[in-house]
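Peer 1: need a 3D model of the following:
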Amino acid sequence: MRYKDLKIDGQKVILNNKQSIFFDTNSIQKNISEIKFPVLIVDTEFFNRSHDWEKTEPHLYDEQNKDQVYLINYSFAKSFKEIEIRNNFKSINNLSIKRKPNDLNYDFKKQHDSMFASFMSMCFNKNIKTVIFAGQDNDKKILENWINSHKSLFHNRKSDLFILNKETNTYKLNSFDIYDLLEQTLSFTNFDSEGNKFYNENNLKNGQKEQTIALRSLKKFFNYTRKLHTNVDFEEEDITFLCTKALKFYSLKELDEKQHAYLSKFIKDVKKHCYNDVLKILLLIKFINYIYWKIVEKKDE
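Peer 2: Predicted coordinates:
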């Protein structure tokens with residue numbers, strides 16, 4: 001099914017005989033007014049003590065650096081309309097820490113700092129004003145910790161993205177959590193396309209309409225709209241398990257060709273997972289923007 005085939009009735013979008021989504025256009029407008037463009041849609045992958053199942057030595061994490069990022073996926077956008085009309089599959093890039101087998105010059109910390117410095121340079125050069133996450137607590141905290149440990153990068157540079165608190169002399173990231181937009185502005189009838197209950201309503205917040213549910217999960221949103229997004233395959237990998245393998249890949253003091261070949265497969269799966277997480281944000285924005293403006297246009301007729 002294509003977006004243009006959807007039936008819109010007032011602020012309700014009818015997916016099929018059983019499923020409808022109610023759009024609170026006033027709340028959407030209020031939420032998206034917080035976003036300043038250009039934006040960067042971001043997802044990171046990291047490991048910490050909780051991923052060290054095999055007690056790998058040496059430790060790359062410590063009390064000062066509890067979360068170690070090894071992959072950043074990102075996508076630029078100058079407007080939501082751009083996201084709606086472009087090919088989002090080709091709009092995603094990444095920064096990552098690389099390791100070859102038997103690499104005597106491998107230095108995780110050096111690459112880690114270089115990766116973040118490149119990320120910041122992109123933000124400055126592209127004049128990014130907002131970073132969009134899906135569930136921003138961990139990602140935002142990690143980025144802010146690194147930023148405030150490398151303040152020299154701000155020398156003679158100004159940006160609307162990095163907000164300085166003059167009292168504490170610390171920077172905050174101007175960010176937006178797409179989960180807030182999803183949960184606060186869309187309400188879903190609690191059925192799948194076959195008329196069965198979609199989810200246990202006791203484990204979800206109520207939607208803004210009677211007998212509807214609110215979703216705060218990209219996974220649940222794409223499960224709900226599965227027949228609307230048949231061109232994507234979001235198979236769910238166990239990202240916690242994959243991060244345990246990534247920790248081992250990057251932490252081992254020596255990595256021979258056999259170990260490298262084995263662990264590289266998991267790094268490839270992590271990259272696919274991270275790419276998909278950014279793609280999900282983009283496709284959600286595309287869907288909301290398309291329907292929002294269709295509702296507004298019909299209202300103005």
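Peer 1: tell me the secondary structure at Ser75.
Peer 2: strand (DSSP: H, G, I helix; E, B strand; the rest coil).
Peer 1: Leu143 too?
Peer 2: Strictly by three-state DSSP, Leu143 counts as helix.
Peer 1: mind listing what it touches?
Peer 2: By C-beta atoms under 8 Å, 6 or more residues apart in numbering, the residues touching Leu143 are Thr44, Phe116, Val131, Leu173. Just so you know, the C-beta spots here come from the backbone N, C-alpha and C atoms, and that holds for glycine as well.
Peer 1: let's go with 6 Å and repeat that
Peer 2: Leu143 makes contact with Leu173 under the criterion C-beta atoms under 6 Å, 6 or more residues apart in numbering.
Peer 1: before we move on, what about Glu57?
Peer 2: Glu57 neighbours (C-beta under 6 Å, 6+ apart): none.
Peer 1: show me what counts as buried in stretch 4-14.
Peer 2: Leu6, Gln11, Val13 (16 or more other C-beta atoms under 10 Å).
Peer 1: ugh, wrong one, stretch 232-243
Peer 2: Applying 16+ other C-beta under 10 Å to stretch 232-243 flags Phe234, Ile239, Leu242, Cys243 as buried.
Peer 1: which of the residues you listed fall in helices?
Peer 2: If you go by DSSP state H, the buried residues of stretch 232-243 have Ile239, Leu242, Cys243 in helices.
Peer 1: dump the residues you listed into a markdown table; add distance to Phe22 as well.
Peer 2: Converted to a markdown table, those look like this (distance: C-beta to C-beta, whole Å):
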| residue | distance to Phe22 |
| --- | --- |
| Ile239 | 31 |
| Leu242 | 36 |
| Cys243 | 37 |
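Peer 1: let me know the closest of the buried residues of stretch 4-14 to Val296.
Peer 2: Using C-beta to C-beta, Gln11 comes nearest to Val296 of these, at 10.0 Å.
Peer 1: got a list of what the closest one touches?
Peer 2: Here Gln11 is in contact with Phe22, Phe23, Ile295 (C-beta under 6 Å, 6+ apart).
Peer 1: doesn't the first one lie inside a strand?
Peer 2: Yes. Following the definition three-state DSSP, Phe22 is counted among the residues of a strand.
Peer 1: circling back: need the max-distance pair from the buried residues of stretch 232-243.
Peer 2: Going by C-beta to C-beta, the pair spanning the buried residues of stretch 232-243 furthest: Phe234 and Cys243, at 18.3 Å.
Peer 1: can you confirm Ser187 is in a helix?
Peer 2: No. Going by three-state DSSP, the assignment for Ser187 is strand, not a helix.
Peer 1: quick one: mean pLDDT over stretch 248-259.
Peer 2: Stretch 248-259 comes out with an average pLDDT of 97.
Peer 1: got it, and stretch 71-86?
Peer 2: 97.
Peer 1: ends of that stretch, what's the gap?
Peer 2: End-to-end distance of stretch 71-86 (C-alpha to C-alpha, to the nearest Å): 24 Å.
Peer 1: thinking again about what came up before, which among the buried residues of stretch 232-243 gets closest to Lys18?
Peer 2: Distances from Lys18 to the buried residues of stretch 232-243, taken by C-beta to C-beta, are shortest for Phe234, at 21.7 Å.
Peer 1: ok, Ile85 to Gln64 distance?
Peer 2: 44 Å (C-beta to C-beta, to the nearest Å).
Peer 1: look at these two and report which has more neighbours.
Peer 2: Ile85 (11 against 7; other C-beta atoms under 10 Å).
Peer 1: if we can go back for a sec, looking at the contacts of Gln11, spot the one nearest Asp177.
Peer 2: Phe23 (18.7 Å).
Peer 1: which pLDDT value belongs to the closest residue to Ser175 other than its chain neighbours?
Peer 2: Computed as C-beta to C-beta, 6 or more residues apart in numbering, the closest residue to Ser175 that is not its neighbour in sequence is Val131, at 4.7 Å. In this model, Val131 is scored at 98, pLDDT.
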